[in-house]
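> no sequence on this one, just coordinates:
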């Protein structure tokens, strides 16, 4: 399998292509990519766990809502999520368990956008290109 995600050139913002054998893999890899675009300050050793539930009207809306919710939670609670367990996933709903640590961060990502977003199959993989506003 190819790399789970990689950054691609974009004129004004930042973008990445994300891949996964299953749709749940794509959602986990997208979370890793978006949350990896931030600066970390001093990290504490205190572990955190959080469950999150997000809805959307279709796969693309769900992906954007999922990633924006993770950005919000990370900033609001000063948590750095590194583990993502998708518990339930449909085209309009995702429920997941997040794991990480308390870690004050400076987010360099304002929001995930719908610009050029499409989730598609390429052979045996799900692929999406995601553009984020920085």
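On my side now, so go ahead. Bear in mind the structure is a predicted one, so any value in this text is a computation, not a measurement.
> which stretches of the protein form strands?
5-8, 14-20, 38-40, 47-55, 79-89, 93-102, 105-107, 111-112, 119-122, 125-133 (DSSP state E).
> for these, which one sits closest to residue 70?
strand 79-89 (6.4 Å; Cβ to Cβ). Heads up, the C-betas are built off the backbone N, CA and C, glycines and all.
> Surely residue 78 touches residue 48?
No: counting by Cβ atoms under 8 Å, residue 78 stays clear of residue 48, with 9.5 Å between them.
> Between these two, which contacts overlap?
The contact sets of residue 78 and residue 48 overlap at residue 102 (Cβ atoms under 8 Å, 6 or more residues apart in numbering).
> can you put the strands of the chain in CSV and add mean pLDDT, distance to residue 64 and mean neighbour count?
Below are the strands of the chain laid out as CSV (pLDDT from 0 to 100; distance: least, Cβ to Cβ, whole Å; neighbours: other Cβ atoms under 10 Å):
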stretch, mean pLDDT, distance to residue 64, mean neighbour count
strand 5-8, 70, 16, 14
strand 14-20, 92, 13, 20
strand 38-40, 61, 18, 12
strand 47-55, 96, 10, 14
strand 79-89, 93, 15, 17
strand 93-102, 95, 12, 17
strand 105-107, 65, 16, 14
strand 111-112, 91, 5, 18
strand 119-122, 96, 11, 12
strand 125-133, 93, 8, 19
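> This completes my enquiry, with thanks.
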